[in-house]
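A.B. asks: the sequence and its predicted three-dimensional model are supplied below.
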Amino acid sequence: MKLPRNHFKPLAIGAPEPFRDLPVRLERMIHFVPPHIDKMRAKVPDLVRQVDVVLANLEDAIPADQKLEARAGTIAIGKDVDFGSTGFWIRMNALNSPWALDDVIEIVGAVGDRLDVIMLPKVEGPWDIHYLDQLLAQLEARHAIAKPILIHAILETAEGVKNVEAIASASPRMHGMSLGPADLAASRGMKTTRVGGGHPDYAVLADASGEAHRQRFQQDLWHYTVARMVDACLASGLKPFYGPFGDFSDTAACEAQFRNAFLMGCVGAWSLHPTQIAIAKSVFSPDPAEVAFATRIIEAMPNGSGAVMIDGKMQDDATWKQAKVMVDLARIVASKDPERATAYGL
Ligand code: GLV
Ligand code: MG
């Protein structure tokens with residue numbers, strides 16, 4: 001095992017020092033762009049003003065015979081677009097694919113100084129993170145990149161879920177994780193044909209009470225995995241995300257799935273379609289009424305300890321900490337979203 005004192009040492013001479021804490025960034029949605037399509041690339045400067053993160057996708061959904069065009073398109077986006085405070089991420093191809101090595105070498109070589117995060121698919125264990133960590137340090141040193149490029153793992157294999165804690169703590173370069181429900185379903189042998197969301201047959205039946213109709217209650221297929229991911233991420237100071245929701249026509253179900261993830265601790269989700277941008281914005285920004293109540297808790301307990309009653313509900317050190325999570329998030333949202341800043345009174 002690596003000595004604790006070596007954990008934060010750069011892995012290559014000339015590479016930047018790893019971050020001790022993640023940069024504070026608003027990342028309510030990671031918006032996927034297919035960079036090989038000229039029309040979609042042309043929309044990126046506009047998108048940058050609407051979303052928190054733009055991600056150029058190189059992996060699944062990009063046809064095998066268009067992988068090189070997608071890579072060239074990603075480099076063009078990195079060179080041409082002014083991202084301001086919006087994040088610029090890529091999803092590279094999986095480490096066992098023929099494209100992964102050149103994705104990293106060419107994209108980091110060309111636009112590594114503008115790239116915030118590399119999303120790494122199909123992560124099985126800490127060894128995948130260590131490999132990319134070392135390679136990135138070498139490339140950062142070669143190209144004199146001053147800001148470390150972070151790694152975001154997709155949790156989408158049974159082995160990855162088994163190793164989720166070790167993946168989270170594999171490197172100070174880790175940014176966070178996203179649930180990858182489509183690949184995870186395949187890897188686990190789940191009997192579904194969907195990208196995320198629930199399934200009508202995954203349900204419990206109310207007790208038989210003599211009446212003909214027994215109520216069914218649909219359960220959340222992803223609850224277990226999201227819970228494990230949230231605990232692994234927060235224990236290591238990382239950010240957990242819900243991933244994709246594939247039924248673009250069912251905005252209500254998308255919102256419900258995103259909201260469950262938000263309530264459980266996730267900070268954002270993927271948007272694969274323009275309608276999902278507004279859903280993610282509304283779900284992953286705290287509700288102004290909740291922010292107002294959280295502000296009252298903080299004001300009632302200025303030093304964060306003791307117990308007070310507000311509207312008949314007990315508040316103590318633990319609810320003060322919950323209130324702080326809410327108000328801190330509202331401040332970050334307010335810094336990028338003037339409409340919500342007004343609603344929060346910030
Ligand atoms: C995402 O990559 C997924 O497999 O769901
Ligand atoms: Mg996948």
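C.D. replies: Arrived safely, thanks for sending. Ligands and ions are numbered 1, 2, ... in the order given.

A.B. asks: pLDDT weak spots in the stretch 1-150 of the chain?
C.D. replies: The stretch 1-150 of the chain contains no residues with pLDDT under 70.

A.B. asks: point out the residues in it that sit beside ligand 1.
C.D. replies: Within reach of ligand 1 by Cβ under 6 Å from any ligand atom, the stretch 1-150 of the chain has these residues: residue 60. Yep, even glycine has a C-beta here, placed from its N, CA and C like the rest.

A.B. asks: kindly report the same for the stretch 151-300 of the chain.
C.D. replies: 154, 156, 180, 181, 182, 183, 195, 243, 244.

A.B. asks: filter those by proximity to ligand 2?
C.D. replies: Within the set of those, contact with ligand 2 (Cβ under 5 Å from the ion) is found for 156, 180, 183.

A.B. asks: of those, which is the nearest to residue 83?
C.D. replies: Minimum distance to residue 83 across these is 24.8 Å, recorded for residue 180 (Cβ to Cβ).

A.B. asks: okay, now the closest one: neighbour count?
C.D. replies: As a burial measure, residue 180 scores 27 neighbours (other Cβ atoms under 10 Å).

A.B. asks: quick one, phi psi at residue 135?
C.D. replies: phi -60, psi -40 (degrees, to the nearest 10).

A.B. asks: which residue sits closest to it in space, ignoring its chain neighbours?
C.D. replies: residue 104 (5.9 Å; Cβ to Cβ, 6 or more residues apart in numbering).

A.B. asks: same check, this time on residue 280
C.D. replies: residue 29 (3.6 Å).

A.B. asks: can you show me the helices along this protein?
C.D. replies: Along the chain, counting by DSSP state H, helices occupy 38-42, 44-47, 67-80, 100-111, 126-142, 158-162, 164-168, 181-188, 223-235, 251-264, 274-284, 288-300, 317-336, 338-344.

A.B. asks: could I get these as JSON lines with mean neighbour count?
C.D. replies: Formatted as JSON lines, the helices of the chain follow (neighbours: other Cβ atoms under 10 Å):
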{"stretch": "helix 38-42", "mean neighbour count": "12"}
{"stretch": "helix 44-47", "mean neighbour count": "16"}
{"stretch": "helix 67-80", "mean neighbour count": "19"}
{"stretch": "helix 100-111", "mean neighbour count": "19"}
{"stretch": "helix 126-142", "mean neighbour count": "19"}
{"stretch": "helix 158-162", "mean neighbour count": "17"}
{"stretch": "helix 164-168", "mean neighbour count": "21"}
{"stretch": "helix 181-188", "mean neighbour count": "19"}
{"stretch": "helix 223-235", "mean neighbour count": "18"}
{"stretch": "helix 251-264", "mean neighbour count": "18"}
{"stretch": "helix 274-284", "mean neighbour count": "19"}
{"stretch": "helix 288-300", "mean neighbour count": "16"}
{"stretch": "helix 317-336", "mean neighbour count": "17"}
{"stretch": "helix 338-344", "mean neighbour count": "15"}
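
A.B. asks: of all those, which one is nearest residue 7?
C.D. replies: helix 126-142 (11.3 Å).

A.B. asks: of all the residues of the stretch 151-300 of the chain next to ligand 1, which two lie farthest apart?
C.D. replies: So, those by Cβ to Cβ: farthest apart are 154 and 195, at 12.8 Å.

A.B. asks: settle it for me: which of these two has more neighbours?
C.D. replies: Shown here are residue 154 and residue 195; by other Cβ under 10 Å, residue 154 has more neighbours (25 against 18).

A.B. asks: thought that one was touching residue 175?
C.D. replies: No: distance between residue 154 and residue 175: 11.9 Å, which falls outside the contact criterion (Cβ atoms under 8 Å).

A.B. asks: from residue 24, how far out is the residue of the chain found nearest ligand 2?
C.D. replies: Ligand 2 sits closest to residue 183 of the chain, with a gap of 3.6 Å, by Cβ to the ion. Residue 183 sits 30 Å away from residue 24, going by Cβ to Cβ, to the nearest Å.

A.B. asks: adding pLDDT, write the ones next to ligand 2 among the residues of the stretch 151-300 of the chain next to ligand 1 out as CSV.
C.D. replies: As requested, these are exported to CSV (pLDDT from 0 to 100):
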residue, pLDDT
156, 98
180, 98
183, 98
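
A.B. asks: next, the distance between the ends of stretch 50-58.
C.D. replies: 22 Å (Cα to Cα, to the nearest Å).

A.B. asks: name the residues of it that are buried.
C.D. replies: Buried residues in stretch 50-58, counting neighbours by 16 or more other Cβ atoms under 10 Å, are found at 50, 51, 52, 53, 54, 55, 56, 57, 58.

A.B. asks: from the residues you listed, pick the one nearest residue 309.
C.D. replies: Of the buried residues of stretch 50-58, the one sitting nearest to residue 309 (Cβ to Cβ) turns out to be residue 52, at 37.2 Å.

A.B. asks: nearest spatial neighbour of residue 99, chain-adjacent residues omitted?
C.D. replies: Using Cβ to Cβ, 6+ apart, the nearest residue to residue 99 is residue 93, at 4.1 Å.

A.B. asks: ok, back up a step: now, which of the residues of the stretch 151-300 of the chain next to ligand 1 sits nearest residue 329?
C.D. replies: residue 243 (20.3 Å).
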